[in-house]
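**Q** no sequence on this one, just coordinates:
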């Protein structure tokens, strides 16, 4: 279940306007994920990701690496707090 939620969050952040150069806060990442899910839905986010990987695979791979790094920073502190 957690991996499904993380996958959806990754797709949503991927299609957002946030950029690595902005060094977004955890709050900005969470807001972007929520906004994209509300705007596109889960299927819409996945479709946008697929389109980008088809059209610009080299750029999409770099962006997805950044997305996963950002989500790790957002999710890990919460996970640690739950288990302590």
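**A** Yep, that arrived. Since the structure is predicted, the reported quantities are computational estimates derived from the model, not experimental observations.
**Q** per-residue pLDDT, residue 2?
**A** At residue 2 the predicted local confidence, pLDDT, stands at 66.
**Q** centre of the chain to the longest helix seen in the chain, how far?
**A** Criterion DSSP state H: the longest helix present in the chain is helix 26-55. Computed by Cα atoms, centre = their mean, to the nearest Å, the chain-centroid distance of helix 26-55 equals 7 Å.
**Q** return the distance of residue 72 relative to residue 38.
**A** 23 Å (Cβ to Cβ, to the nearest Å). For glycine as for every other residue, the C-beta is placed from the backbone atoms N, C-alpha and C.
**Q** same thing with residue 26?
**A** 19 Å.
**Q** equivalent analysis for residue 45, please.
**A** 10 Å.
**Q** and the helix or strand of the chain with the lowest mean pLDDT with helix 26-55, angle?
**A** Least confident helix or strand, the chain: helix 57-82 with a mean of 84, by mean pLDDT, DSSP states H and E. Helix 57-82 and helix 26-55 are oriented at 150 degrees to each other (axes from the mean of the first three to the mean of the last three Cα atoms, to 10 degrees).
**Q** packing partners for helix 57-82?
**A** helix 2-15, helix 26-55 (3 or more Cβ pairs under 8 Å, 6 or more residues apart in numbering; DSSP states H and E).
**Q** list the buried ones in the shortest one?
**A** Applying a neighbour-count criterion of 16 or more other Cβ atoms under 10 Å, the buried positions in helix 2-15 are 8, 9, 10, 11, 12, 13, 14, 15.
**Q** other SSEs contacting that helix?
**A** Using 3+ Cβ pairs under 8 Å, 6+ apart: helix 2-15 touches helix 26-55, helix 57-82.
**Q** quick check: which of those is nearest to residue 19?
**A** helix 57-82 (8.7 Å; Cβ to Cβ).
**Q** sorry, back to before: looking at residue 72 and residue 38, which is more packed in?
**A** residue 72 (12 against 9; other Cβ atoms under 10 Å).
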